[in-house]
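S.K.: Build me a structure from this.
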Amino acid sequence: MKHTDILIIDDEKKFAAMLAKRIELRGSHSEVCYDGRTALEWIKIHEDSITLILLDLQLPDLYGTQVLTRIKKINPAIPVIILTGHGTQQDRQKCEQLGAYMFIHKPLDIDKLMALLEQIRETS
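M.R.: Modelled structure (predicted):
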């Protein structure tokens, strides 16, 4: 089974595709899911191959905090970075309480993301 460095969960298809391409260009592998339920099913099957999850808060079917809660039930060890264009301070606090690794506002700095991925690899 191919190892997935980063699972991107974001319904903005152009953004997710661009991010996946930039991750691939830097030598890492990513997968994309466009809604929470699909992502949760994918994680159940591939949880041992995921290094990091990027999770958008605004998804079409579930709110990001609901997805985060369910991810942590499947595998609490997977680091989840909340990536949002609309998150509030209340969202940040809720995500931190639920075990989010980090809360980042879009746009995302790809070099910082890749440095974080490397840091996570080294500590896991």
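S.K.: Strands of this structure, start to end?
M.R.: 4-9, 30-33, 50-56, 80-84, 102-105 (DSSP state E).
S.K.: Throw those into TSV and include mean pLDDT, distance to Thr123 and mean neighbour count, thanks.
M.R.: Bear in mind the C-beta positions are built from the backbone N, C-alpha and C, glycine included. Shown next, in TSV, are the strands of the chain (pLDDT from 0 to 100; distance: least, Cβ to Cβ, whole Å; neighbours: other Cβ atoms under 10 Å):
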stretch	mean pLDDT	distance to Thr123	mean neighbour count
strand 4-9	94	15	23
strand 30-33	97	20	20
strand 50-56	96	11	23
strand 80-84	94	15	23
strand 102-105	94	14	16
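S.K.: May I see these organised as CSV, with distance to Leu68 added?
M.R.: Compiled in CSV, those are given as follows (distance: least, Cβ to Cβ, whole Å):
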stretch, distance to Leu68
strand 4-9, 10
strand 30-33, 14
strand 50-56, 6
strand 80-84, 6
strand 102-105, 11
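S.K.: Gln90: which of the ones you listed is closest?
M.R.: Proximity to Gln90 (Cβ to Cβ) singles out strand 102-105 among these, at 11.3 Å.
S.K.: what's in contact with the closest one?
M.R.: Pro79, Ile81, Ile82, Leu83, Thr84, Gly85, Gly87, Asp91, Arg92, Cys95, Glu96, Leu116 (Cβ atoms under 8 Å, 6 or more residues apart in numbering).
S.K.: For it, output the C-alpha coordinates as CSV.
M.R.: The C-alpha trace of strand 102-105 is given here as CSV (Å, rounded to 0.1, in the frame of the first residue of the first chain):
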residue,chain,number,x,y,z
MET,A,102,-2.7,23.2,14.8
PHE,A,103,-5.2,25.8,13.5
ILE,A,104,-4.1,27.7,10.3
HIS,A,105,-5.8,30.3,8.3
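S.K.: Direction included, what does that strand pair against?
M.R.: According to DSSP bridges, strand 102-105 forms sheet pairs with strand 80-84 (parallel).
S.K.: roughly how far out does the partner strand sit from the chain middle?
M.R.: Distance, stretch centre to chain centre, for strand 80-84: 6 Å (Cα atoms, centre = their mean, to the nearest Å).
S.K.: Much appreciated, bye for now.
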